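Chemist: mind folding the following:
(chains A, B, C and D)
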Protein chains: 2
Amino acid sequence: MTKTSQAAGLHRASLTKLHDLDAALELMYYGWRGMTLEADAYLAKQGLSRPHHRILYVVARRPDIAIGALLEVLGISKQALSRPLNLLLERKLVASKRAPEQHRSKLLRLTEAGRRIEQRASDHERKVLREAFDRAGASGAAAWMAVMEAIADHN
Amino acid sequence: MTKTSQAAGLHRASLTKLHDLDAALELMYYGWRGMTLEADAYLAKQGLSRPHHRILYVVARRPDIAIGALLEVLGISKQALSRPLNLLLERKLVASKRAPEQHRSKLLRLTEAGRRIEQRASDHERKVLREAFDRAGASGAAAWMAVMEAIADHN
DNA sequence: AATCTCAAGTCAATATAGTTGACATGAGAT
DNA sequence: ATCTCATGTCAACTATATTGACTTGAGATT
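Modeler: Now for the predicted structure:
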């Protein structure tokens, strides 16, 4: 977890392009890495990682989400959720309470500390995007969004 | 590996946006998923997965690459490389030979079968990109590339 | 010839992120 | 009383990675 290593050689290795879309394909790969690199380093310093961040991100945007709904949004099994979520509960980054009327479900919310960590981690990612959008201008940013939507929603 | 599951609930969950860049941030996540979904399904049918594809992709574009150089490009440890690479060698998707002069290093190349699988897997990814670029037009595609480069090289 | 170095390979232990299956619990609904 | 439903937990497993320690085989150096 120390990650002092050569940070995955990722200076966009110079590979021969066999197809005209190879450059775009590689950009998707390195783009993901570029966006998450600093956030991951910050999270690692907190003893957390990507799955913890995903939980924090979703709970921040859906306060009082039930565990079942969280599982659906994240698309993982409840057993896979339990470890990272329990860590977040232990560290009091997430708080849970029973629903007042629907006493069967447990509702999740971020604590102040959880909100702070979520915000800082996501800020690292948004900073990278903001700088890229600033360079590209408003029209470039809009075009990027349109292309990404087409890719994301493809089928 | 069967992945018959509900494919990770990934219909871009409707989350409240706390920041104006949240939408972009989520698009990066779902974009990666959208691009790789079909390729991963194809690879799984072949009993392979992402790390195998990364190896095939790099070796296809750097014929006669040595193992040490491959490790650098991939940014992983040799122990992490050995399992997937050995599988590819066993299945004769990758062939290795000793360098003629520099007999210490082992040079890797794709076989015909390896080339075919690499091409098909990457084709799935390129298809998604091509459709998105077609919708966005040449200027949209260029803008996307420019933004992605800024994100990838951010550092 | 003996030794040093270097690329590659392998063994063991560990971490993380996920899976499925089986079962327990506690509360509401019938 | 029992059924259902949301949650929680135990166990066994898989895949992908890590570090450390060591071997092997070939070339280079002394």
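Chemist: put the alpha carbons of stretch A:66-79 into CSV.
Modeler: Extracted in CSV, the C-alpha atoms of stretch A:66-79 (Å, rounded to 0.1, in the frame of the first residue of the first chain):
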residue,chain,number,x,y,z
ALA,A,66,-30.7,1.7,2.7
ILE,A,67,-28.1,-1.0,2.5
GLY,A,68,-30.1,-2.9,-0.2
ALA,A,69,-30.3,0.2,-2.4
LEU,A,70,-26.6,0.8,-1.9
LEU,A,71,-25.8,-2.7,-3.0
GLU,A,72,-27.8,-2.1,-6.2
VAL,A,73,-26.1,1.2,-7.0
LEU,A,74,-22.7,-0.3,-6.4
GLY,A,75,-23.5,-3.5,-8.2
ILE,A,76,-21.7,-5.8,-5.7
SER,A,77,-22.8,-8.5,-3.3
LYS,A,78,-23.6,-7.8,0.3
GLN,A,79,-20.7,-9.9,1.4
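Chemist: how many other residues sit next to A:Arg98?
Modeler: The local packing of A:Arg98 (other CB atoms under 10 Å in any protein chain shown) involves 11 other residues. In this view, the C-beta of every residue, glycine as well, is placed from N, C-alpha and C.
Chemist: give me the distance between the spatially closest residue to it that is not a sequence neighbour and DNA strand C.
Modeler: Leaving aside its sequence neighbours, A:Arg98 sits nearest to A:Lys106 (CB to CB, 6 or more residues apart in numbering or on different chains; 6.1 Å). Per CB to the nearest atom of the strand, to the nearest Å, A:Lys106 is found 11 Å from DNA strand C.
Chemist: how about A:Lys106, phi and psi?
Modeler: phi -110, psi 130 (degrees, to the nearest 10).
Chemist: now swap in A:Lys97 and tell me
Modeler: The phi/psi pair for A:Lys97 (degrees, to the nearest 10) is phi -140, psi 160.
Chemist: quick one: contacts for the residue nearest to it when sequence neighbours are not counted?
Modeler: Nearest residue to A:Lys97, sequence neighbours excluded (CB to CB, 6+ apart): A:Leu107, at 5.6 Å. Contacts were defined as CB atoms under 8 Å, 6 or more residues apart in numbering or on different chains; by that measure A:Leu107 touches A:Asp64, A:Ile65, A:Ala66, A:Ser96, A:Lys97, A:Arg98, A:Ala99.
Chemist: close enough to count as contact, the third one and A:Lys106?
Modeler: Read it as A:Ala66. Yes. Contact criterion CB atoms under 8 Å: A:Ala66 and A:Lys106 qualify, at 6.5 Å.
Chemist: so what secondary structure elements neighbour the longest helix seen in chain A?
Modeler: The residue-count maximum for a helix in chain A (DSSP state H) belongs to helix A:112-153. Judged by 3 or more CB pairs under 8 Å, 6 or more residues apart in numbering or on different chains; DSSP states H and E, helix A:112-153 is in contact with helix A:22-45, helix A:50-61, helix B:22-45, helix B:112-152.
Chemist: now do that helix against helix B:22-45, angle only.
Modeler: Relative orientation of helix A:112-153 versus helix B:22-45 (axes from the mean of the first three to the mean of the last three CA atoms, to 10 degrees): 60 degrees.
Chemist: hmm, back to that, buried residues of whatever helix or strand the residue nearest to A:Lys97 lives in, list them for me.
Modeler: A:Leu107 belongs to strand A:106-110 when assigned by DSSP states H and E. For strand A:106-110, a neighbour-count test (16 or more other CB atoms under 10 Å in any protein chain shown) marks A:Leu107, A:Leu108, A:Arg109, A:Leu110 as buried.
Chemist: give the bridge partners for the third one, please.
Modeler: Applying DSSP bridges to A:Arg109 yields these beta-bridge partners: A:Ala95.
Chemist: how about it, what does it touch?
Modeler: Contacts of A:Arg109 by CB under 8 Å, 6+ apart are A:Val59, A:Pro63, A:Asp64, A:Val94, A:Ala95, A:Ser96, A:Lys97.
Chemist: tell me what angle the helix or strand of chain A with the lowest mean pLDDT forms with helix A:50-61.
Modeler: The helix or strand of chain A with the poorest confidence is strand A:94-98; it has a mean of 89 (mean pLDDT, DSSP states H and E). If you take the same axes, to 10 degrees, strand A:94-98 sits at 60 degrees to helix A:50-61.
Chemist: just the C-alpha atoms of strand A:94-98, please, in PDB.
Modeler: The C-alpha trace of strand A:94-98 is given here as PDB (Å, rounded to 0.1, in the frame of the first residue of the first chain):
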ATOM      1  CA  VAL A  94     -20.500   6.600   8.000                       C
ATOM      2  CA  ALA A  95     -23.400   6.400  10.600                       C
ATOM      3  CA  SER A  96     -26.300   4.100  10.400                       C
ATOM      4  CA  LYS A  97     -29.800   4.300  12.000                       C
ATOM      5  CA  ARG A  98     -32.900   2.300  11.700                       C
END
